[in-house]
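**Q** Fold the following, please.
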Amino acid sequence: MDNQHYAALLEKFKTIRVMAVGDIYLDEYVFGVVTEISLEAPIPVFEVQQRRYNPGACGNAACNAAALGGKIFMVGVVGTDGNADIVRREFNVRGVDTTYLVADPNHPTNTYGKWRAGGHNIPTQEMLRTDTPKPAPISGETEQRVIENIKKLAPQVDAILIGDQASSCITQPVLDAIVECAKKHKLVTLADSRKRAGMFNGIDIVAPNDAEAGLAAGIKVVDDETLHQAGKFLLTSAKNALVTRGPQGITIFAKDGTVKDVPITRPVRAIDVTGAGDTVDAAIILTVAAGGSLEDAAFLGNLTAGIAVVQEGVVTVSNEEALAALTSEAGPAKLKTLPQLKRIVEKLKNDGKKVVWTNGCFDILHAGHITYLINARQTGDILIVGLNSDKSVQENKGPGRPVVNERNRALVLSALECVDYLIIFDDKTPMPLLEALHPDVYAKGGDYNINTIVQIERRLVESYGGEIAIIPGVEGQSTTNIINKVMENS
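**A** Sure, this is the predicted structure:
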């Protein structure tokens, strides 16, 4: 793996201009609690506490491309309703240009909702999903305005990303206009479709997942053998196909007949795969537009998807996150930088999660550590572990420590189910991290009490409404005891 080559491609992403064309959804997430059963009907009363929004379908791919550094212009259709205003606002917040959106009063903004109740010490439970009626394919003046906007934008961009989910915006005339403009202006094109991956004649790359590829080819069960049948079918229209296969990586079907599997090089435990295909699409189009090969695109698609799937909900992956994940020093997926953690904690709190912080050396992980971390995690919903760097361990414990270096300690901790995120810090105390993250709970080991912990840390946590949790220790369990026993028996 040539990290310098991939790092150079990621840097070049910042110079790439992409037109995203396709179906747009407004994803609405409603959070609250059930307070009672209605007196009028045997149904729960849902007290709404928060609403969050995210552009979905092709809109999410556009947002991912913007987060990865590209300059993105969105072409699609929304209504003239309040949800259209929300879509525009959410695009703008994420750095996507909405100048070329077409507003159609006869085309209500596609909106997909999830209602979840619970939070804090009560697990959240999805109660209801809402949707708008399936939209008809655009036609007439609306279709013509979309085509005109594609032609206006084409001379200004390097690539076109096509997202077809509701089978509404990507009509045959719209697709013909995209192919014509791409040929005229020498633009890279990529398409993804939930149900119609075989329709993209003249497009450079089609990038469905394996199930979507099978659906397009009329194959019910996609396995190693039938995947190749599906790939060959896709090449009857598109020039190349990159089929995503989850933990098995991406398979390339190239126009020259080459078939190559590009495996995942940074294995992760997936938490939520929602929207990961959009992340892959964004990475592929930017990579190829930046001069990378199909194999480069598959590698960076795997890399960025791996960052997305270890987080809950629909997320975008930043250029910084992708660059950090490239390096061998990046460590396990749970290990984050402070800017990454700040974004994660903000989202967790917005989702009603109770964030727990603890920190320590965790040198030669033992039963006492494990018991402590499990109990700390039970005081909230998410556990973040601040891991003392080798430098700070030496300052705190002397020149003979740590026995295990920081990267290996982080890798071992990341394997624990009770640990959600990690950060390595050099400071002698975690004060700068507490100030930046404001965890809801600060967990300390049982060798402390509320009066013997560092009082400046206590005052900080209590000042913003956080709480201190003293976690009982396990008698006789310590790294020092283990080291002494090894020395005695050596």
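**Q** residues near the residue nearest to residue 273 when sequence neighbours are not counted, how many?
**A** Counting by Cβ to Cβ, 6 or more residues apart in numbering, residue 273 lies nearest to residue 309, which is 5.1 Å off, once chain neighbours are set aside. No exception for glycine: its C-beta is placed from N, CA and C like everyone else's. With neighbours defined by other Cβ atoms under 10 Å, the count for residue 309 comes to 22.
**Q** swap in the one 4 residues further on?
**A** Other residues near residue 313 number 16, with proximity taken as other Cβ under 10 Å.
**Q** so it makes contact with residue 31?
**A** No: with contacts counted by Cβ atoms under 8 Å, residue 313 stays clear of residue 31, the gap being 11.3 Å.
**Q** who touches both of those two?
**A** When contacts are counted by Cβ atoms under 8 Å, 6 or more residues apart in numbering, residue 313 and residue 31 are jointly contacted by residue 351.
**Q** rewinding a little: give me every residue that touches the residue nearest to residue 273.
**A** Under the criterion of Cβ under 8 Å, 6+ apart, the contact list for residue 309 reads 268, 270, 271, 272, 273, 276.
**Q** Of these, which is the most crowded?
**A** For these, counting by other Cβ under 10 Å, the largest number of neighbours falls to residue 276: 24 neighbours.
**Q** Need the per-residue pLDDT for that one.
**A** What the model reports as pLDDT for residue 276 is 92.
**Q** ok, which stretches of the stretch 51-200 of the chain are strands?
**A** Assigned by DSSP state E, counting those that start in this stretch, the stretch 51-200 of the chain shows strands spanning 71-75, 77-78, 96-97, 102-103, 111-119, 122-131, 159-164, 188-193.
**Q** out of those, nearest to residue 418?
**A** strand 122-131 (15.6 Å; Cβ to Cβ).
**Q** show me what contacts the residue nearest the centre of the chain?
**A** Ranked by distance to the mean C-alpha position of the chain (Cα atoms, centre = their mean), the top residue is residue 308 at 2.6 Å. Residue 308 makes contact with 275, 276, 279, 315, 316, 317, according to Cβ under 8 Å, 6+ apart.
**Q** cool, residue 310 as well?
**A** Each residue near residue 310 by Cβ under 8 Å, 6+ apart is listed here: 268, 269, 270, 271, 333, 334.
**Q** Present the contacts of residue 309 as a markdown table; the columns should include secondary structure and distance to residue 469.
**A** Listed next are the contacts of residue 309 as a markdown table, based on DSSP: H, G, I helix; E, B strand; the rest coil; distance: Cβ to Cβ, whole Å:
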| residue | secondary structure | distance to residue 469 |
| --- | --- | --- |
| 268 | coil | 29 |
| 270 | coil | 30 |
| 271 | coil | 25 |
| 272 | coil | 27 |
| 273 | coil | 33 |
| 276 | helix | 34 |
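**Q** Go through the residues you listed and name the one nearest residue 232.
**A** Using Cβ to Cβ, the shortest approach to residue 232 within the contacts of residue 309 belongs to residue 276, at 25.0 Å.
**Q** so what's the closest one up against?
**A** By Cβ under 8 Å, 6+ apart, the neighbours of residue 276 are 305, 308, 309.
**Q** Can you tell me how far residue 48 is from residue 32?
**A** Relative to residue 32, residue 48 is positioned 5 Å away (criterion: Cβ to Cβ, to the nearest Å).
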